[in-house]
Each structure stands twice: as structure tokens, then as C-alpha cells.
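Chemist: Sequence first, predicted model second:
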Amino acid sequence: MKARKIAGLDPATSLGSNARRIVATRLEELHSLAEEALVPDAAEAQHDMRIAAKRLRYALEIVGPCIGDAAEPARRAAKEIQSVLGDLHDCDVIMPRAEAIPSLGDAIRERRERLFGDFAELWRDEAIRDAWAGLERAL
């Protein structure tokens with residue numbers, strides 16, 4: 001997945017102004033992928049969302065101090081989303097090989113289903129939504 005371009009960056013303006021543009025773009029990128037990623041078998045969308053969460057997390061790690069107190073809960077939320085989607089992607093990668101051994105294929109399939117449920121629950125979690133809302137208010 002190619003990162004969205006960030007409109008309006010200006011090296012002549014403050015780091016804070018540019019940081020808000022960067023984080024706003026990365027947050028919108030993450031949110032735009034959610035609907036499709038919440039389909040259980042949408043492996044590509046889930047992988048793209050993991051990449052978007054990673055980009056948001058890393059942006060917040062670098063420019064979070066320019067955003068303020070709202071950056072840290074959003075960084076933690078992005079890290080959680082990135083982690084569960086990473087584990088989900090690992091299942092998708094190993095599945096073609098695991099299916100040659102029926103019991104292993106079943107175990108990987110069950111793990112993927114459980115991880116997808118964890119992801120869907122995490123995305124809908126009030127604390128995660130509050131982290132995003134707090135970040136949006138700070139921007």
C-alpha cells in the first residue's frame with residue numbers, strides 16, 4: 001500500500017503545523033480502511049490497515065510532542081491495532097503451507113478467526129475511539 005501524499009507541508013512553517021498535517025493524513029488513511037478491513041476474509045484490506053496503523057504510530061512517535069497529550073493514547077491504540085493485524089497477517093501468510101497438514105490448517109484457521117474477532121472488538125472499543133477522537137480534537 002502506497003502512503004497518501006500529505007498536502008500543504010511547508011518547510012517555512014512550524015514543525016507543529018506540519019506535524020498536525022502529517023498526523024491528520026495518517027489518521028484519515030487508517031480510518032478509510034476500516035470498513036473493508038472489518039470484513040472477516042478481507043486479508044488485503046487488513047494488511048493495508050496494519051501498514052496504515054504503523055505509519056500513524058511512527059508519525060506519533062516522532063512528532064507526538066507537537067500534538068500534545070492526545071498523541072500518546074493514539075500512539076498506543078495504533079500500536080495495538082498494528083500488533084493484532086500483524087498476527088492476523090502471519091496467519092494469512094502461513095495458511096497456504098499449513099493447509100497441507102489438516103490439523104495445522106485447522107489450528108491456523110481457528111487462530112485467524114480469533115484474531116479477527118480481537119481486531120473487530122479492539123476497533124470498536126470505546127477507549128480506541130476515544131483515542132482517535134482526542135487526537136482529532138488536538139489536531
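Modeler: Great, that's in hand. Numbers count the residues shown, from 1 in each chain.
Chemist: contacts and neighbour counts: CA atoms only from here.
Modeler: Will do.
Chemist: report the longest helix in the protein, please.
Modeler: Secondary structure of the chain per DSSP state H: the longest helix is helix 71-98.
Chemist: helices or strands up against that helix?
Modeler: helix 43-67, helix 102-124, helix 126-138 (3 or more Cα pairs under 8 Å, 6 or more residues apart in numbering; DSSP states H and E).
Chemist: which of those is buried the deepest?
Modeler: helix 43-67 (a mean of 20; mean count of other Cα atoms under 10 Å).
Chemist: same question for that one, mean pLDDT?
Modeler: Helix 43-67 comes out with an average pLDDT of 97.
Chemist: Next, the angle helix 102-124 makes with that helix.
Modeler: 40 degrees (axes from the mean of the first three to the mean of the last three Cα atoms, to 10 degrees).
Chemist: Distance from helix 43-67 to the middle of the chain?
Modeler: 6 Å (Cα atoms, centre = their mean, to the nearest Å).
Chemist: tilt between that helix and helix 126-138?
Modeler: Going by the same axes, to 10 degrees, helix 43-67 makes 50 degrees with helix 126-138.
Chemist: what residues does helix 43-67 touch?
Modeler: Contact with helix 43-67 is made by 1, 3, 15-16, 19-20, 22-23, 26-27, 29-30, 33-34, 36-38, 71-72, 74-76, 78-79, 81-83, 85-86, 89, 92, 135, 138-139, as judged by Cα atoms under 8 Å, 6 or more residues apart in numbering.
Chemist: Buried among those? Need that as a selection in PyMOL.
Modeler: The PyMOL selection below is limited to those of these classed as buried (16 or more other Cα atoms under 10 Å):
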select buried, resi 16+19+20+22+23+26+27+29+30+33+34+37+38+71+72+74+75+76+78+79+81+82+83+85+86+89+92+135+139
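Chemist: quick one: residue 132 and residue 75 touch, right?
Modeler: No: counting by Cα atoms under 8 Å, residue 75 is not a contact partner of residue 132; they are 9.5 Å apart.
Chemist: Spatially central residue for the protein, please.
Modeler: residue 53 (2.5 Å; Cα atoms, centre = their mean).
Chemist: That one and residue 135: what is the separation?
Modeler: Residue 53 sits 14 Å away from residue 135, going by Cα to Cα, to the nearest Å.
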